[in-house]
Structures are given as structure tokens and as C-alpha cells.
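[1] here's my sequence, what's the structure:
(2 chains)
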Number of protein chains: 2
Amino acid sequence: MKIVRYSDIQATPFEGGAAKGVAGRVVIGKNDGAMNFCMRVFEILPGGHTPKHSHDWEHEIFVHSGEGEIFYRDAWNSIEAGYAVFMPPKEEHQIRNSGADTLVFVCCIPSGAPEL
Amino acid sequence: MKIVRYSDIQATPFEGGAAKGVAGRVVIGKNDGAMNFCMRVFEILPGGHTPKHSHDWEHEIFVHSGEGEIFYRDAWNSIEAGYAVFMPPKEEHQIRNSGADTLVFVCCIPSGAPEL
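    Next up, the predicted model:
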């Protein structure tokens, strides 16, 4: 078993290019013996955003805290703490923080995809 | 894409037997086109607990709110909002609410396991 407070894991910052104010952590991954899927936790600072991008794998997202928006098929959709989002494979998407506090969300991906 | 506030999904109560004060929801599952893994959200009321049980699949858990304890190999381990837990397959485990508020956690499982 592994028990960890997500914020105790060293964050990997994503800055520059099309990312702004994003930090990611693998909280459960292949190094823990998780063979089927991987759990990451991302923080986005107010005003920050992920790149707009697509890939061959899905996301299963749960918003832990904060407020934001997620882009999908030419529209921005509001998300906040307590929301779950399923982003199917190959769909262009982007997440941005539209609130005053850090946006924190869990984002799970299948094994085989890059963990971070 | 699916966006849903977890609490807007009809909960399935687990009461009687070895469960007390537990409600579960599939927030992302096979009916949404999620082919690799499934995301559920569980609520446990103060004083409540899951059954002590084991199965052939792993759990990847993220605690959204509240405080509790998770049983693993003859010991209880504290968990609270912001904690991630990887419970490997075949290990006996149990989760109980040790706080005054509802314990809410995300629990992901691989496809093929019963979703709820």
C-alpha cells in the first residue's frame, strides 16, 4: 500500500510554450506497481492554463478544489470542486483556472501513456 | 465529453452486512465509453465504514474531503483530504470515517471489475 499527501510529492512545473502556471505530480504510477492506470494531481495557478492539446488516451478527471474551465469542441465549460470530467481519446482539450484560488484536480490516464 | 457534479448522480447506498453509512456513485464508467478504468466517488458518514474485504483488482484512491482511516495488514492508517492511496490487488482493506464530517473519496478501478 502507498499512502501519500499529494502535496508532499515533488511537483514538476510546466511553464513556457503553451503552459502557464501548471504543476503536476504522479501520485500513483508504475513505480508503485500500478499496472493498469496512473493517477496524477495537477495544480494550476490563477490565470494559468494547460496547453491546448490532444492525444490517443482518455482523461478521467476529478476537481478537488478551485474553479476553472475546460475546452472541448470550440466551447469552454465551467468546472469546480466536486466535478468529474471524462475526456475521450483524440479530443482537443485545455484546462484553465478562472478563479482566485489554485485549481487542483486529479487526472487519471491508462498505463502506456506518459505518466507526466 | 462528460462533465458532471458527482453529487448530481444518484447514489447507491450500502447498508447492512458489513457496511455502514456508505453511498457510492459511478461518475465515469463503461456507459460513458471509459474502456480502461472506472472512477467512482464514495461518501461515508461519520461513524460509518466499508466492509473489510479483498478482491483481485487494485484501488487508486484520492480523498476529496473529510478524515478517515484505512485498514491494511493489521493496522489503521490516517487519511484526510488531499491524500492518495494505492491499495494493491488481493489485500484485505477497509475504510472508516473517523471525523465529524462526511468522508468523500474518489476510488478508481480497472475495467472488468464490478463498477459498484
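
[2] following element in sequence after the helix or strand of chain A with the lowest mean pLDDT, please.
    Lowest by mean pLDDT, DSSP states H and E among the helices and strands of chain A is strand A:12-16, with a mean of 93. Where DSSP states H and E defines the elements, the next helix or strand beyond strand A:12-16 is strand A:19-28.

[3] right, is that following strand up against chain B?
    Yes: Strand A:19-28 reaches chain B (CB under 8 Å from any CB of the partner chain) through A:Val27, A:Ile28. Glycine gets a C-beta too; all of them are placed from N, C-alpha and C.

[4] could you give the average pLDDT over that strand?
    What strand A:19-28 shows for mean pLDDT is 98.

[5] just the strands in chain A please.
    Applying DSSP state E to chain A gives strands spanning A:2-5, A:12-16, A:19-28, A:37-49, A:59-65, A:67-72, A:75-80, A:83-87, A:93-97, A:103-110.

[6] got a list of contacts for the last one?
    If I follow you right, that is strand A:103-110. Strand A:103-110 is touched from outside by A:36-44, A:48, A:57-68, A:79, A:95, A:97, A:115, B:36-37, B:39, B:60, B:62, B:106, B:108, with contacts defined as CB atoms under 8 Å, 6 or more residues apart in numbering or on different chains.

[7] doesn't A:Lys90 make contact with A:Glu58?
    No: no contact is recorded between A:Glu58 and A:Lys90 when judged using CB atoms under 8 Å, the distance being 9.1 Å.

[8] for those two, indicate the residue with more neighbours.
    Residue environment comparison for A:Glu58 versus A:Lys90 gives the larger neighbour count to A:Glu58, 24 against 10, counting by other CB atoms under 10 Å in any protein chain shown.

[9] show me what contacts that one?
    Taking CB under 8 Å, 6+ apart as the definition, contacts of A:Glu58 comprise A:Phe86, A:Met87, A:Pro88, A:Pro89, A:Ile109, A:Pro110, B:Ala34, B:Met35, B:Asn36.

[10] mark which of these are buried, thanks.
    Neighbour-count burial (16 or more other CB atoms under 10 Å in any protein chain shown) applied to these gives A:Phe86, A:Met87, A:Pro88, A:Ile109, A:Pro110, B:Ala34, B:Asn36.

[11] wait, the second one sits on A:Trp57?
    No: counting by CB under 8 Å, A:Trp57 is not a contact partner of A:Met87; they are 9.5 Å apart.

[12] show me which residues of chain A sit near chain B.
    With the criterion set to CB under 8 Å from any CB, chain A comes near chain B through A:1-7, A:27-28, A:32-37, A:39, A:41, A:58, A:60, A:62, A:64, A:70, A:72-73, A:77, A:79, A:81-88, A:91, A:93, A:106, A:108, A:110.

[13] sounds good, over and out.
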